[in-house]
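What follows is a protein structure lacking sequence information:
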């Protein structure tokens, strides 16, 4: 049991480090961002005075939702891997197999809920972008 806990904690640490580097890496964007700028690209005095960014708040919220749902997807993948590990190491014990099945099916239900939340969020982002005349991310 200690080995499984060490493997799980190692995977969790690796995932946290991986997500950290993905979130805080600089992307090379060669596209024009004028359609994604706050108030059509006109810098406001408040932005200059406070040093805040010039991205539209709707786009920032959409990106945060995508990152959160992506992180939840990574967690579900780790739970599925844990359930598979439990299943493989059950050794024919019906109680441990039932626990592994329960974990696996709970993870699948969670994955379905995350995918549904992602679809709903994308629909809402598209609807707001269309209604306000801005382009989505």
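Perfect, thanks for sending it. None of the values given here were measured: they were computed from a predicted structure.

Tell me the buried residues in the longest helix along the chain?
Across the chain, the longest stretch assigned as helix under DSSP state H is helix 94-132. For helix 94-132, the neighbour count (16 or more other C-beta atoms under 10 Å) marks 100, 103-104, 107, 110-111, 114, 118, 121-122, 125, 129 as buried. (Glycine included, C-beta is placed from N, CA and C.)

just stretch 56-70 next, same as before
In stretch 56-70, counting by 16+ other C-beta under 10 Å, buried: 56, 58-59, 62, 65, 69.

low-confidence ranges in the chain?
1, 18-54, 134-137 (pLDDT under 70).

just the strands in it please.
With strands called from DSSP state E, the chain shows none.

show me what contacts residue 78?
Residue 78 makes contacts with 8, 11-12, 15, as judged by C-beta atoms under 8 Å, 6 or more residues apart in numbering.

Nearest to residue 81 among the buried residues of stretch 56-70?
residue 69 (18.9 Å; C-beta to C-beta).

separation between the residue lying closest to that closest one once chain neighbours are set aside and residue 108?
Leaving aside its sequence neighbours, residue 69 sits nearest to residue 118 (C-beta to C-beta, 6 or more residues apart in numbering; 5.0 Å). Separation of residue 118 from residue 108 (C-beta to C-beta, to the nearest Å) stands at 16 Å.

Same question for residue 101.
As defined by C-beta to C-beta, residue 101 lies at a distance of 11 Å from residue 108.

try residue 91
Using C-beta to C-beta, we find residue 91 at a distance of 23 Å from residue 108.

Residue 119 now?
To residue 108, residue 119 is 17 Å away according to C-beta to C-beta.

Residue 128 now?
31 Å.

which ones are touching residue 91?
With contacts defined as C-beta under 8 Å, 6+ apart, residue 91 has no neighbours.

same question but for residue 68, I mixed them up
Contacts of residue 68 by C-beta under 8 Å, 6+ apart: none found.

at 10 Å what do you get?
By C-beta atoms under 10 Å, 6 or more residues apart in numbering, the residues touching residue 68 are 114, 117-118, 121.

No further queries at this time; thank you.
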